[in-house]
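[1] output the structure for:
(2 chains, ligands or ions: 2)
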Amino acid sequence: MQTTIDTLQKGQKAVILSFDDAIIPLKLIEMGCMEGNFVEVIQIAPLGDPIFLSVNDTNLAIRKEMASRIFVEIQK
Amino acid sequence: MLLEKKWQAGFLWKYKSKMTKNDTLKIALVGNPNTGKTSLFNSLTGLRQQVGNYPGITVEKKQGSFHLENHQKVTVIDLPGTYSLNPSSIDESVTTEFLLNNEDKNFPQVAIVVAEAENLKRNLLLFTQVKDLGIPTILVINMADRMQLKGISINKENLEKQLDTTIILTSTRNNSGISELKNCIQNFQKLSGKPLFSNDISTYKDWLSSTYKIGFVEIEDKQKQIAVKKEQHQETVKRYQFINSVLKGNFEKDKTKATDFDSRLDKILTHKFFGYIIFLVLLMLMFQAIFSWSGPFMDFIDESFASLSETIASILPEGKINELISQGIIPGIGGIVIFVPQIAMLFLFISVLEESGYMSRVVFLMDKIMRKFGLNGKSVVPLISGNACAIPAVMATRNIEDWKERLITILVTPFSVCSARLPVYTILISLIVPEQKILGFINSQALALLGMYVFGIVLALLSSIILTKIIKAKSKSYFVIEMPSYKMPLLQNVFYTVFEKTKSFVIDAGKIILAVSVVLWFLASHGGETFDNAEKIVSSQLENQNLSEAELTAKIASFQIENSYIGTMGKAIEPVIKPLGYDWKIGIAIITSFAAREVFVGTLATIYSVENAEDEGTIKSRMQTATFTNGEKVFTTATGISLLFFYAIAMQCGATVAIVKRETNSWKWALLQLFGLGIMAYLAALVAYQVLN
Ligand SMILES: Nc1nc2c(ncn2[C@@H]2O[C@H](COP(=O)(O)OP(=O)(O)OP(=O)(O)O)[C@@H](O)[C@H]2O)c(=O)[nH]1
Ligand SMILES: [Mg+2]
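    Ligands and ions are numbered 1, 2, ... in the order given. As a prediction, the model looks like this:
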């Protein structure tokens, strides 16, 4: 099923499909947030934002706003 | 193959010819944040740099040196961590700028890319970029001690071949691989300086020079910005494809072992409810430590200095020098040394929070909340470390990507209760809050101090809200932070951080205080004609009052100090500070403490001890008994609170003004902050005194 990262539940895994180059900062791409890589939601901050992810063996946190710009395919 | 050899030979020749025997060899440590560059720098040079497990601990390049076995001198540059040569914030741009500038006198002949085993893939991105600059490169895979724990295995020979480099596994924890690294540096001529992706170094360099600023500087041409970003994106993808193919089969990670401990810890530390509770408890513990646990040490130091003064006064021959040392210098220095236990305790806490990796979790927990105030989750770090000192705190704002959020963070950071305020608060609180146990274990004075910290935070947040409305700046508001894995703080690192920071606090403050106390002593013990004839004037005035010898001496002393140079100056400004409840002595202390806040206590200590040379009490007891000329107590609750307000707000720190100017690149913000806070401080103190009195 296709969706965006911000809708993932804690513990859910997905594959990154695409995102808008102009909005997603390069730093995120460099940390491994690229087409074809796996992401897993590790923790969601108490107020629903930011989201703590594991991508490409890196643990990082991004804001919900940005997470909603990254399209993924959920893994069963 | 032949071409390759020729190329290499030409390259080596170029480097060899640059080096004569007595030259120092220059090497640079490059790598992702938190890979242990600074730790490695310390191991190599024996120098102590601050280390921490929070991205962006090193925000400027630092230099050190050591000698190889063959006596070759090596200069090492420790660079701030960066994820790539395409920087996203100013702190990251330092590395790119440095590596692009062949003209720099420290331009490295060897680049040591420090990677960590756990995140090797991501670390290699930067490695391939550095390699493409054509600098001979050594790949250090640090934290080798954690590889087994994390289930990591590496095929070193294969990687060396495919990455065309020399790989050295190190651990700064158990000092393994360091001598191997030194050996490798000694044989630097054998290192390959060949790029990985193309043979044309200058094309890559030119492209990098023309594009690297895009990530953190706003440019007019949006079209160009987008185009460059596409190029950077494609470059990154290309590099990762290469890295993935290289790592396949040569780097294995046992997933089950990898994240177990960290994720369990994160479940608790970033929990909706317990996460905040734990954070609060840690802060509470910090204040309890600062106030209660350091108490006995402080009393001891205070009494030691008082008796030192006394001893010196009796040993040295009587006269001006004796007075200068026993009444000027020793009380002044004592006024600062007494706070060493508290400051050390504070640095201890902050360095453990940073070393362990916990600080990033705090950023994660606080981002949403901080955003409501126009700040960023990352603003928490400057605001917390501002409790030690505003200078590194202002510098720690550099990893905030958004300029507006960064500027506001810089402007409100001085509200954090820095260690220089601690002496002032401590002494004022001990004068106006009686010591009691609340609920049987909470120290009432510690609670009052906590109140001052809360007051600082509230002021910072309120000001942010206002500033967000006022400051017009485009905001790209984005937020990416790495959550490093948890590490047991290394006792040695923590110890050195605490030691170095405390030492520099004492020495920096000590220098100012020494100067101020000598000048003050001179101004307080000299004066015009009235001062010189004090004895005559006072005795003739009080002739028929039948005073005892001691009473008369006291009257003369206080008459003298009022007519000394300092007294005359103090009297001149008294009308301005009278409405705040201060006498001229406090006025002088406030003025001198514009150099640095902690001078306040030293100044009062010096003035009071000149006044009461006979009475050898501690600073606190002298302040307690101080009276106005009409006999009323000086340090009443109203005056005390008014002073606390003044010190909580005013920007009394020359060094911070300078650093704000540097970090914002304009006098505008620095001066705005200085005067804005000054006026606010005066008004708050005025209202406090007038209402309470
Ligand atoms: N287990 C282990 N921990 C290490 C090793 N080397 C460094 N560390 C820890 O890793 C953390 C980061 O170390 P630093 O030396 O500050 O890293 P840095 O690369 O200088 O970081 P930035 O300056 O922020 O880029 C600290 O908590 C160190 O104690 C090592 O070999 N083994
Ligand atoms: Mg460092």
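[2] starting at the chain centroid, how far to stretch B:137-150?
    Taking C-alpha atoms, centre = their mean, to the nearest Å, the mean C-alpha location of stretch B:137-150 is offset from the chain mean by 29 Å.
[3] got the buried residues for that stretch?
    Buried residues in stretch B:137-150, defined by neighbour count with 16 or more other C-beta atoms under 10 Å in any protein chain shown: B:137-144, B:146-147, B:150. For glycine as for every other residue, the C-beta is placed from the backbone atoms N, C-alpha and C.
[4] turn those residues into JSON lines, columns for pLDDT and secondary structure.
    Shown next, in JSON lines, are the buried residues of stretch B:137-150 (pLDDT from 0 to 100; DSSP: H, G, I helix; E, B strand; the rest coil):
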{"residue": "B:T137", "pLDDT": "95", "secondary structure": "strand"}
{"residue": "B:I138", "pLDDT": "96", "secondary structure": "strand"}
{"residue": "B:L139", "pLDDT": "96", "secondary structure": "strand"}
{"residue": "B:V140", "pLDDT": "97", "secondary structure": "strand"}
{"residue": "B:I141", "pLDDT": "96", "secondary structure": "strand"}
{"residue": "B:N142", "pLDDT": "94", "secondary structure": "strand"}
{"residue": "B:M143", "pLDDT": "92", "secondary structure": "coil"}
{"residue": "B:A144", "pLDDT": "92", "secondary structure": "helix"}
{"residue": "B:R146", "pLDDT": "87", "secondary structure": "helix"}
{"residue": "B:M147", "pLDDT": "88", "secondary structure": "coil"}
{"residue": "B:K150", "pLDDT": "82", "secondary structure": "coil"}
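[5] how about the helices in chain A?
    Ranges of helices within chain A are A:26-30, A:64-67, based on DSSP state H.
[6] need the winner for burial among those helices.
    Most buried of the helices of chain A, by mean neighbour count (mean count of other C-beta atoms under 10 Å in any protein chain shown): helix A:26-30, with a mean of 24.
[7] need the residues that contact that helix.
    A:60, A:62, A:66, B:83-84, B:86, B:88, B:122, B:125, B:215, B:229, B:232-233, B:236-237, B:401, B:480 (C-beta atoms under 8 Å, 6 or more residues apart in numbering or on different chains).
[8] now, of those, which are buried?
    Buried by 16+ other C-beta under 10 Å: A:60, A:62, A:66, B:83-84, B:86, B:88, B:122, B:125, B:215, B:229, B:232-233, B:236, B:401, B:480, out of the contacts of helix A:26-30.
[9] wait, which of these is closest to B:P195?
    Nearest to B:P195, judged by C-beta to C-beta, of the buried ones among the contacts of helix A:26-30 is B:L125 at 14.8 Å.
[10] mind telling me what element that closest one is part of?
    helix B:120-132 (DSSP states H and E).
[11] wait, does that helix contact ligand 1?
    No: counting by C-beta under 6 Å from any ligand atom, ligand 1 is not contacted by helix B:120-132; separation bottoms out at 10.7 Å.
[12] okay, now the residue nearest to B:D254 when sequence neighbours are not counted: neighbour count?
    Distance criterion C-beta to C-beta, 6 or more residues apart in numbering or on different chains; nearest residue to B:D254, sequence neighbours excluded, is B:G151 at 2.8 Å. Neighbour count of B:G151, defined by other C-beta atoms under 10 Å in any protein chain shown: 14.
[13] and if you look at B:G581?
    23.
[14] equivalent analysis for B:T211, please.
    19.
[15] isn't it right up against B:K230?
    No: B:T211 is not in contact with B:K230 according to C-beta atoms under 8 Å; the separation is 11.0 Å.
[16] pLDDT below threshold where in the stretch 1-150 of chain B?
    Residues of the stretch 1-150 of chain B meeting the criterion pLDDT under 70: B:1-22, B:47-59.
[17] can you give me the helices in it?
    B:2-18, B:37-45, B:90-100, B:120-132 (DSSP state H, counting those that start in this stretch).
[18] any idea how far the residue in the stretch 51-200 of chain B positioned nearest to ligand 1 lies from B:N123?
    Here the residue of the stretch 51-200 of chain B nearest ligand 1 is B:G81; by C-beta to the nearest ligand atom that distance is 2.4 Å. Computed with C-beta to C-beta, to the nearest Å, the distance linking B:G81 and B:N123 is 10 Å.
[19] chain neighbours aside, what residue packs nearest to B:I201?
    Here the residue nearest B:I201, using C-beta to C-beta, 6+ apart, is B:G134, at 4.0 Å.
[20] wait, what's in contact with that neighbour?
    B:11, B:193-195, B:201.
[21] how close does it sit to B:I457?
    Counting by C-beta to C-beta, the gap from B:G134 to B:I457 is 50 Å.
[22] what do you get for B:I268?
    24 Å.
[23] please enumerate the strands of chain B.
    B:25-31, B:62-67, B:73-78, B:110-116, B:137-142, B:152-154, B:166-169, B:251-253, B:437-438, B:442-443, B:480-482 (DSSP state E).
[24] make CSV out of those strands and add distance to ligand 2.
    Formatted as CSV, those follow (distance: least, C-beta to the ion, whole Å):
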stretch, distance to ligand 2
strand B:25-31, 8
strand B:62-67, 8
strand B:73-78, 6
strand B:110-116, 9
strand B:137-142, 12
strand B:152-154, 23
strand B:166-169, 19
strand B:251-253, 25
strand B:437-438, 42
strand B:442-443, 37
strand B:480-482, 14
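[25] tell me where the model's unsure across chain A.
    In chain A, residues with pLDDT under 70: A:76.
[26] residue numbers of it in contact with chain B?
    Residues of chain A found near chain B (C-beta under 8 Å from any C-beta of the partner chain) are A:21-22, A:25-32, A:34-35, A:42-43, A:45-50, A:52, A:54, A:56-63, A:65-66.
[27] from those residues, list just the buried residues.
    Using 16+ other C-beta under 10 Å as the burial test, these include A:25-32, A:34, A:42-43, A:45-46, A:49-50, A:52, A:54, A:56-63, A:66 as buried.
[28] what's the offset of stretch B:530-542 from the middle of its chain?
    51 Å.
[29] mean confidence score for it?
    Across stretch B:530-542, pLDDT averages out at 79.
[30] show residues contacting that stretch.
    B:552, B:555-556, B:559-560, B:563-564.
[31] what about 6 Å?
    B:555-556, B:559-560, B:563-564 (C-beta atoms under 6 Å, 6 or more residues apart in numbering or on different chains).
[32] now do stretch B:206-225
    A:26, B:86-90, B:96, B:100, B:228.
[33] what is the end-to-end distance of it?
    17 Å (C-alpha to C-alpha, to the nearest Å).
[34] how about that stretch: buried residues?
    B:208, B:211-216, B:225.
[35] list residues touching both of B:G81 and B:N123?
    Between them, B:G81 and B:N123 share the contacting residues B:N32, judged by C-beta under 6 Å, 6+ apart.
[36] between those two, tell me which one has more neighbours.
    For B:G81 versus B:N123, the count of surrounding residues by other C-beta under 10 Å is larger for B:G81: 27 against 22.
[37] for the closest residue to the more buried one other than its chain neighbours, grab the count of nearby residues.
    Of all residues not flanking B:G81 in the chain, B:P33 sits nearest, at 3.1 Å (C-beta to C-beta, 6+ apart). Other residues within reach of B:P33, judged by other C-beta under 10 Å, total 21.
[38] now the one residue sitting closest to the centre of chain A: how far from B:N322?
    Nearest residue to the geometric centre of chain A (C-alpha atoms, centre = their mean): A:I5, 4.6 Å. According to C-beta to C-beta, A:I5 stands 74 Å off from B:N322.
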